[in-house]
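Peer 1: Sequence first, predicted coordinates after that:
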Amino acid sequence: MYKEKLDKILLKIQKPSRYIGGELNSVQKNPDDVTMRFAFCFPDTYDIGMSHLGMKILYSLINEVPEYWCERVFMPLPDMEEKMRENDILLYGLESLEPIKNSDFIGFTLQYELSYTNVLSMLDLAGLPVYSKDRPDLTPIVCAGGPCVCNAEPIADFVDLCILGEGEEVNLELMRLLEKCKAEGCTKHEFLVRASQIEGIYVPSLYDISYNDDGTVKAITPLENAPATVRKRIIKDFDKVYYPENFVVPFSAIVHDRAVVEVLRGCIRGCRFCQAGYLYRPFREKSIDTIEKETISLCETTGYDEVSLSSLSTSDYSEIETLLGRLTDYTDKESINLALPSMRIDRFSDELLQKIKSVRKSGLTFAPEAGTQRLRDVINKNITEENVLESCRIAFEGGYTSVKLYFMLGLPTETMEDMDGIKDLCDKIIDLWYTIPNRPKGKGIQISVSLSTFIPKPFTPFEFEPQPTEEEIDKKQKYLLDIINSKKVNISWSRYPFTILEAVLARGDRRLCDVIYKAWKKGCKLDGWSEYYRYDLWKEAFKECGIDVAFYANRKREYDEVMPWSHMDVLVSRDFFIAENKKAHSEAVTPNCREKCAGCGVNRCIGGKCFE
Ligand code: SF4
């Protein structure tokens with residue numbers, strides 16, 4: 001236990017409450033009574049990790065098993081890391097305050113590629129070698145899950161295994177297997193070979209990768225009877241899926257400090273740039289009764305006065321009006337705010353609008369992503385200018401005075417006309433504002449335009465596309481700043497050096513492991529934070545490893561190229577992605593799954609149609 005050592009340093013660091021545990025609903029167990037210990041690591045800070053729903057679910061799920069103990073572990077900020085190293089404190093779990101190196105599993109959730117160096121930092125701070133091959137003992141097994149493991153190759157040398165897909169069932173299967181292997185005295189290798197036979201488990205060391213002379217992947221060869229393709233796990237009966245009755249309530253504010261209820265998983269839309277939309281297919285909903293029960297339970301056990309409905313697109317819940325009606329009956333009575341992030345309000349009845357207007361306004365946000373209908377058709381973004389303007393009208397009449405618009409620059413087929421389209425949409429929203437009779441006097445409209453850069457991701461129809469170069473993106477950013485000169489519009493944009501690293505890591509292969517290692521050795525960590533990001537050091541690492549950044553980020557892939565992730569099966573077929581890519585280039589749209597099945601292939605896992 002590090003309690004005494006921690007007492008000495010906690011007053012010398014920022015926000016010590018991040019590092020002490022003991023929060024309401026955190027789980028304490030007697031170490032002598034547990035047979036398996038799981039250190040659930042979020043490779044970013046406490047404030048971000050504690051807002052992550054997946055961690056809350058798996059933490060509670062594992063701790064429901066009396067003899068298993070799951071602890072939370074986060075990336076310390078540099079001030080804390082320095083003090084930990086000075087005082088010989090190894091990375092520890094917040095529940096026991098004991099070093100995680102003694103756990104059976106050290107599990108990372110990989111939500112974004114820029115957290116990879118944090119994985120190495122955390123392993124090192126835990127007192128463990130960062131390379132899997134240098135950890136010969138059976139435990140701890142270092143594993144990774146989350147969306148990034150659909151292409152785990154850039155971190156393949158560091159982790160022992162990956163979990164592809166939804167973790168609610170497979171995590172416990174894996175823990176049971178390790179428990180058995182420990183009892184039988186297996187080696188780590190024996191355990192990994194057995195684990196590779198569980199659906200959804202990927203053991204990188206059991207695959208040999210060869211390369212062509214042009215640097216592309218030649219072949220991916222499974223070894224020791226590992227499956228040729230690893231199929232993602234999904235929960236078939238989503239209404240009955242495990243959901244926590246309570247959440248750990250932090251002592252200090254975190255990014256999303258509220259109760260969260262997941263209403264549906266998957267997405268019926270087919271935005272062609274959106275990886276989550278394909279990774280989490282098929283679309284599955286919870287029943288209204290289940291959502292209501294979980295909402296009440298979470299509010300009562302946490303004391304939160306705000307609850308948010310979570311999903312990729314909550315407006316697509318089939319009975320959204322009835323659901324919101326039922327929930328507002330409870331939240332209004334208890335004075336709880338019902339947060340509805342990213343809801344499309346143009347389809348709601350007046351009665352429902354009145355109801356949701358009575359709850360606190362969380363801001364009006366749209367993601368048209370592209371400035372013209374032509375480009376929105378290319379990306380299959382199912383939102384029209386009329387939808388945006390109609391929603392703005394409803395919102396302005398209801399008292400809103402600001403709008404946030406998200407756009408992506410560098411999308412396939414984009415031209416300067418699409419930039420003009422962004423300005424035109426802003427102008428139309430401003431004109432609309434002046435037509436609202438009851439607009440607040442003395443208050444102007446404020447539009448925030450946020451410009452991100454397109455990053456092609458695996459398992460999307462755009463996985464074949466190049467990311468535009470820095471010069472191309474710069475030109476478009478400058479053009480927009482030039483043509484949009486209204487004081488009513490604020491523009492923010494993402495910095496290219498962040499997006500290019502994400503683009504390289506997202507579609508990278510195993511040769512990037514050495515780059516990540518070198519970059520981390522040079523001091524790279526917390527790469528998602530602008531104040532810590534050092535692209536100059538990353539560039540040195542790429543150069544020293546002989547890796548051409550443009551090969552990974554700015555190169556167009558052929559349809560028959562073996563991708564580094566070709567041995568992963570997320571249930572959506574390669575043929576579907578190719579067909580969708582071709583449709584994008586001919587500006588053809590694909591209807592949403594509820595209107596018409598586009599035959600992506602995911603329904604084979606449910607043995608029937610996604611929608612009746
Ligand atoms: S199988 Fe059809 S309905 Fe189901 S997710 Fe794929 S395209 Fe949509």
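Peer 2: All right, it came through fine.
Peer 1: Tell me where the stretch 401-550 of the chain has strands.
Peer 2: 402-409, 446-453, 489-493 (DSSP state E, counting those that start in this stretch).
Peer 1: Could you identify which of these is most buried?
Peer 2: strand 402-409 (a mean of 21; mean count of other CB atoms under 10 Å). To be clear about C-beta, it is placed using only N, CA and C from the backbone, and glycine gets the same treatment.
Peer 1: packing partners for that one?
Peer 2: strand 364-369, helix 385-397, helix 416-433, strand 446-453, helix 470-483 (3 or more CB pairs under 8 Å, 6 or more residues apart in numbering; DSSP states H and E).
Peer 1: Now render the ones you listed as JSON lines, adding distance to the ligand and mean pLDDT.
Peer 2: Converted to JSON lines, those look like this (distance: least, CB to the nearest ligand atom, whole Å; pLDDT from 0 to 100):
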{"stretch": "strand 364-369", "distance to the ligand": "20", "mean pLDDT": "84"}
{"stretch": "helix 385-397", "distance to the ligand": "21", "mean pLDDT": "86"}
{"stretch": "helix 416-433", "distance to the ligand": "27", "mean pLDDT": "96"}
{"stretch": "strand 446-453", "distance to the ligand": "26", "mean pLDDT": "95"}
{"stretch": "helix 470-483", "distance to the ligand": "32", "mean pLDDT": "96"}
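Peer 1: Look at whatever residue of the stretch 401-550 of the chain ends up closest to the ligand and say how many residues are nearby.
Peer 2: Nearest to the ligand in the stretch 401-550 of the chain, going by CB to the nearest ligand atom, is P461, at a distance of 12.3 Å. When neighbours are defined as other CB atoms under 10 Å, P461 has 28 of them.
Peer 1: Redo the helices and strands packed on strand 402-409 as CSV? Include distance to E544.
Peer 2: Compiled in CSV, these are given as follows (distance: least, CB to CB, whole Å):
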stretch, distance to E544
strand 364-369, 37
helix 385-397, 47
helix 416-433, 38
strand 446-453, 26
helix 470-483, 21
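Peer 1: Among these, single out whichever gets nearest to Y19.
Peer 2: strand 446-453 (32.3 Å; CB to CB).
Peer 1: Just confirm K443 contacts T401, I think it does.
Peer 2: Yes. If you go by CB atoms under 8 Å, K443 and T401 touch, sitting 5.2 Å apart.
Peer 1: ok, the two, which is more surrounded?
Peer 2: Counted by other CB under 10 Å, K443 and T401 do not tie: T401 has more neighbours, with 14 against 11.
Peer 1: Just the pLDDT for that one.
Peer 2: If you check T401, the pLDDT there is 86.
Peer 1: R495 versus L501, what's the distance?
Peer 2: Distance, L501 to R495, using CB to CB, to the nearest Å: 11 Å.
Peer 1: ugh, typo on my part, it should be F251
Peer 2: 33 Å.
Peer 1: ok, how many other residues are close to R231?
Peer 2: R231, neighbours per other CB under 10 Å, totals 16.
Peer 1: ok, the closest residue in space to it that isn't next to it in sequence - how many residues close by?
Peer 2: Setting aside the residues directly before and after it, R231 is nearest to D569 in space (CB to CB, 6 or more residues apart in numbering), at 4.5 Å. D569 has 22 neighbours, counted by other CB under 10 Å.
Peer 1: now E245
Peer 2: Using other CB under 10 Å, E245 has 14 neighbouring residues.
Peer 1: so it sits right up against T301, yeah?
Peer 2: Yes. Assessed by CB under 8 Å, E245 is found in contact with T301 at 6.0 Å.
Peer 1: Mind listing what's buried along stretch 455-473?
Peer 2: 455-468, 470, 472-473 (16 or more other CB atoms under 10 Å).
Peer 1: and if you look at stretch 75-87?
Peer 2: Buried residues in stretch 75-87, counted by 16+ other CB under 10 Å: M75, P76, L77, M80, E81, K83, M84.
Peer 1: can you tell me which of those residues are in helices?
Peer 2: Of the buried residues of stretch 75-87, the ones assigned to helices by DSSP state H are M80, E81, K83, M84.
Peer 1: Between which two of these is the distance greatest?
Peer 2: E81 and K83, at 7.5 Å, using CB to CB across these.
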